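Novice: Take this sequence and fold it.
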Amino acid sequence: MRSAAASALLALTLVAAGCGGADDETSGSEPPPPPPPAATTSTEPEPIVGAADVGVYFLRDDELGFAQRSVGVTPLIPKATLEELLAGPTAEEKEAGLTSDIPPNTEVVSVDVANATADVELSNPLDELGTMQVVQTLTQLETIERVRLEGREYASADTEDALPAILVESPAPGATVTSPLTIRGTANTFEATFQVELRRDLAKPLSKDFVTATSGNGTRGTFEKTLDFTVDRERPGTLVVYENSAEDGSVMSEVEIPVTIRP
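Specialist: Next up is the predicted model:
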């Protein structure tokens, strides 16, 4: 009996020792690694690297007129340019006769550009001239050839009926100019020609010349012309473009652009 008791005791001791060994092995192991952090999407704004001059198109006498803005160079240039248009003309541009048909407080809901097409959604509907302002403004950007707005798609050619016979795109209203002054833009005039004058206080022209665009007679062309002039100090001035009627020589299609003239 003593031997049986001893055997039983030995068995219990071995079982206890075995259990203790397992506990020691578990307690000595490394804890499992934490799960990897969940992926996050950055909401940081696109970095701005410099600035770019862009055109925005307001209205002058119910035709499109050019103004210039500077926007940050990011992939969001189309949106930034459109926001400048929706902000409307400045006080100086209003004095130069520029207005807008886009309703006040209109905001950009979205602008998505793919395959040279800008898909635009605004917070307010636009009338025909307001639509032409948006189309002309966006299609002047190198990456955009078409604009989809309110269920319709437009190309730059669709704005022709809203353009003036002579559209000056440089200098912009309010610009400061020096000699030689280069003017650029587009025109659709008789025999592709028209007149340009740089006037000081609407007095005798400081410079006057004729311009020939790349096309006319129903087809819009581009133009570039350089004017030389002399002034002794900074003065207000006006760049005037117009064509003379083929019938009686009267002035027609006249546009005045206020500028500041410097020596």
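Novice: From here on, just use CA atoms for contacts and neighbour counts.
Specialist: Will do.
Novice: Could you check how far residue 140 is from residue 128?
Specialist: Per Cα to Cα, to the nearest Å, residue 140 is found 18 Å from residue 128.
Novice: the more surrounded of the two?
Specialist: Higher neighbour count among residue 140 and residue 128: residue 140, with 15 against 11, using other Cα atoms under 10 Å.
Novice: Residue 78 reaches residue 114, doesn't it?
Specialist: No: using Cα atoms under 8 Å as the test, residue 78 is too far from residue 114 to be in contact (11.8 Å).
Novice: For these two, indicate the residue with more neighbours.
Specialist: Neighbour totals were compared for residue 78 and residue 114, and residue 78 leads with 23 against 9 (other Cα under 10 Å).
Novice: Counting by contacts, list what the host helix or strand of that one packs against.
Specialist: Using DSSP states H and E, residue 78 falls within helix 77-86. Other helices and strands packing on helix 77-86, by 3 or more Cα pairs under 8 Å, 6 or more residues apart in numbering; DSSP states H and E, are strand 51-60, strand 63-72, strand 108-114, helix 128-139.
Novice: Run the angle between the third one and helix 77-86 for me.
Specialist: Angle, strand 108-114 to helix 77-86, by axes from the mean of the first three to the mean of the last three Cα atoms, to 10 degrees: 140 degrees.
Novice: Quick check: the residue nearest to the spatial centre of the chain vs residue 111, distance?
Specialist: Geometric centre of the chain, nearest residue: residue 81, 2.4 Å, by Cα atoms, centre = their mean. When Cα to Cα is applied, the distance between residue 81 and residue 111 equals 11 Å.
Novice: follow-up on the earlier one: which one of the helices and strands packed on helix 77-86 lies nearest to residue 188?
Specialist: Residue 188 sits nearest to strand 63-72 of all the helices and strands packed on helix 77-86, at 13.6 Å, using Cα to Cα.
Novice: so how far is the closest one off the chain centroid?
Specialist: Computed by Cα atoms, centre = their mean, to the nearest Å, the separation of strand 63-72 from the middle of its chain amounts to 9 Å.
Novice: Going by neighbour count, which residues of it are buried?
Specialist: 63, 64, 65, 66, 67, 68, 71, 72 (16 or more other Cα atoms under 10 Å).
Novice: now stretch 178-193
Specialist: Buried residues in stretch 178-193 (16+ other Cα under 10 Å): 178, 181, 183, 184, 185, 186, 187, 188, 189, 190, 192, 193.
Novice: Tell me which stretches of the protein form helices.
Specialist: Along the chain, the stretches classed as helices by DSSP state H are 2-27, 77-86, 91-95, 128-139.
Novice: By mean pLDDT, show me the worst of those helices.
Specialist: Lowest mean pLDDT within the helices of the chain: helix 2-27, at a mean of 41.
Novice: any idea how far residue 248 is from residue 132?
Specialist: For residue 132, the distance to residue 248 - Cα to Cα - is 33 Å.
Novice: Looking at these two, which one has more neighbours?
Specialist: Higher neighbour count among residue 132 and residue 248: residue 132, with 27 against 7, using other Cα under 10 Å.
Novice: from what I can see that one touches residue 162, true?
Specialist: Yes: with contact defined as Cα under 8 Å, residue 132 counts as touching residue 162 (7.1 Å).
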